[in-house]
Structure formats: structure tokens, C-alpha cells
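Peer 1: Just to be clear, the model below is a prediction. Sequence and coordinates:
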Amino acid sequence: MRICVAYNGKFGERVIGNLINYKNFCISCDKLCIFCRDDKALNYTDNIIGIYTQPSNLPVYIEEPAKYMPPTLPENDVLLAINLHPDIISELPNLAKDSGTRLIIAPVEEPNWLSAGLKNQIKEKSEKLGIVFTAPKPFCSLKKGDNPLIDHFIEHFKIGFPRLKIGVKNNNIVTVQVLCSQPCGCAYYVAQKLKNTHSDDKLDEIISNAHHAYPCTASMERDAELKDTILHKAGYIIRKAVHDALFIENNDK
């Protein structure tokens, strides 16, 4: 799959960094690093065929969004639209259609990134143009099952709702393999922190501490739709991923 990324801010840079897996992308383990990401299969540089960085200091309202957008996008299958100005992201479906885009993913890591009303408008506009649109809140909540294109995206790039394979011996976690990571790459760090720990009631604390230490960049502002913070939602997601892996491990014995 060919990806085009249109982004603004640090989270977009982190997603791109996770996809290209450049050296020292993850430095969370510092001197204890065991180079768990030293895997050529995690480098999707060849799949990224275009990157558009939104200009800074844009006005609150943009009457002519085209002035701040590229005239065309390279031919792509998936367009990642990360933290873009409302007037720019609302124009993306028309630009995407001309580039052959089949799927637009607009993750929401902060409540003000994409309002419910604007999300529905873009979704409706995209569907009329034959483009699948999804706005996972947060990005790591993206799961298989809603659409074959989304499934293919998750399978190909191994990002979305995290999935782990955990090995347990004498109630101790001895191995952790990342099958699918959050788009920011957090699962690889959590995996290292889980090794050689006891699979007991303190496990959630270990997961939470690792998730915060990575650190997760989702907002701590309360989200009206979630009735919670997006950061907390991301924390629940990685916790569920670990417990799901342990459940599979325990039932496979």
C-alpha cells in the first residue's frame, strides 16, 4: 500500500518515525536498549510516497484553503491526515480523489483536532467520492472488522490497536512479541517493561507506568464524546492488549 501523509505537529512526526523506523527512533530505554526494533521488516520507507507538512501560524479561518495545500497529491492508496486545520482537512477528499486515494485516516489525539460535526461532513463527502473515511480516537483504537481496506492497512503496516504475543513460565512473563503496535510505537517499549515481571495484580500498574513513560502524546483534556481523556483511552487500550495476550497464552496451554 502507498501512503501519503499530511500532518501538523509532533504526533505526525512520531507516526512517520515509527513507519520508517530510523535509527534511534525509540530512545525510551536509553542505555538499557536491546535494539528490539532492529528489524528491516519495520521499515516502510518505500511505502511512503509523499509527505505534506502544514504551514505554521495559519489564520483561524481560511477562505481559500487551496493556497495552503499542494496542488496535487502523488498517487496513493492511503492518506493519513494528522492534526490539520479544519478548513484544510475539509478540502482533502476532493484532493484525495484526484490522487486515487481509497482510504483517509484522520486520527484524533486531542479533542479539538476534529469536531464531531466536521468528522461527519468529511465522512459523507468522502463516501460520495468512493473513499473510505475513518477518524479513530485515539489512533491506537483503529481495529480490524469495519472495512477490508482498514484491515489491509493494519495487516500491512502492523499499526493500530496493539497486539502482543506473551510467553509465561511459573507466572512470570518471559517473552513478549509485538504483533501490532500503536502508530506511535509504544508497544515495543511496553513489551520490554513487561519482561521478567510477575503476571499478578500489579501488572496494570507496570503497563500504566510504561505507557506514561514512553510517553503517550494523547491529550489529558476531557473529551465530550469519550467522557474521559483520550490519554486514558489509550492507556485502557494497551492494558487490554496485554490482558488479551495473557488470556490467549493461558488458554493455549
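Peer 2: All right, it came through fine.
Peer 1: What distance do you get for the residue nearest to Ala81 when sequence neighbours are not counted to Ile51?
Peer 2: Nearest non-adjacent residue to Ala81, counting by Cβ to Cβ, 6 or more residues apart in numbering: Ala106, 4.3 Å away. Every residue, glycine included, has its C-beta placed from N, CA and C. For Ala106, the distance to Ile51 equals 16 Å [Cβ to Cβ, to the nearest Å].
Peer 1: between the two, who's got more neighbours?
Peer 2: Set Ala106 next to Ile51 and count neighbours by other Cβ atoms under 10 Å: Ala106 wins out with 26 against 14.
Peer 1: Return the residues in contact with the more buried one.
Peer 2: 80-82, 84, 89, 113-114, 119, 122, 133-135 (Cβ atoms under 8 Å, 6 or more residues apart in numbering).
Peer 1: What of Arg163?
Peer 2: 178-180, 241, 244-245.
Peer 1: now swap in Val168 and tell me
Peer 2: Contact analysis of Val168 by Cβ under 8 Å, 6+ apart lists 174, 199, 246, 249-250.
Peer 1: Let me have the residues you listed in TSV, adding neighbour count, distance to Ala41 and pLDDT as columns.
Peer 2: Formatted as TSV, the contacts of Val168 follow (neighbours: other Cβ atoms under 10 Å; distance: Cβ to Cβ, whole Å; pLDDT from 0 to 100):
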residue	neighbour count	distance to Ala41	pLDDT
Val174	13	23	94
Ser199	19	28	77
Leu246	17	25	94
Glu249	17	23	79
Asn250	11	28	78
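Peer 1: So which of the residues you listed is the closest to Lys165?
Peer 2: Of all the contacts of Val168, Lys165 sits closest to Glu249, with 7.8 Å by Cβ to Cβ.
Peer 1: My read is that the closest one contacts Ile166, right?
Peer 2: Yes. Counting by Cβ atoms under 8 Å, Glu249 touches Ile166, with 5.1 Å between them.
Peer 1: phi, psi of the nearest residue to Lys10 once chain neighbours are set aside?
Peer 2: Distance criterion Cβ to Cβ, 6+ apart; nearest residue to Lys10, sequence neighbours excluded, is Thr217 at 6.5 Å. The phi/psi pair for Thr217 (degrees, to the nearest 10) reads phi -100, psi 0.
Peer 1: swap in Ile49?
Peer 2: Ile49 adopts backbone torsions of phi -100, psi 0, taken as degrees, to the nearest 10.
Peer 1: and it, what is it in contact with?
Peer 2: Residues counted as contacts of Ile49 (Cβ under 8 Å, 6+ apart) are 2-4, 74-76.
Peer 1: Next: Pro55.
Peer 2: Tyr68.
Peer 1: With Leu73 instead?
Peer 2: 4, 50, 52, 79, 95-96, 98-99, 101.
Peer 1: In this structure, which strand is the longest?
Peer 2: Criterion DSSP state E: the longest strand present in the chain is strand 172-180.
Peer 1: from the middle of its chain, how far away would that strand be?
Peer 2: 20 Å (Cα atoms, centre = their mean, to the nearest Å).
Peer 1: Show me the strands in this structure, by range?
Peer 2: Counting by DSSP E, the strands of the chain are 3-7, 48-53, 78-82, 103-105, 132-134, 163-169, 172-180, 197-198, 222-223, 228-229.
Peer 1: which ones are touching Lys193?
Peer 2: 206-207, 209-210, 213.
Peer 1: Got the confidence number for it?
Peer 2: We have a pLDDT of 95 for Lys193.
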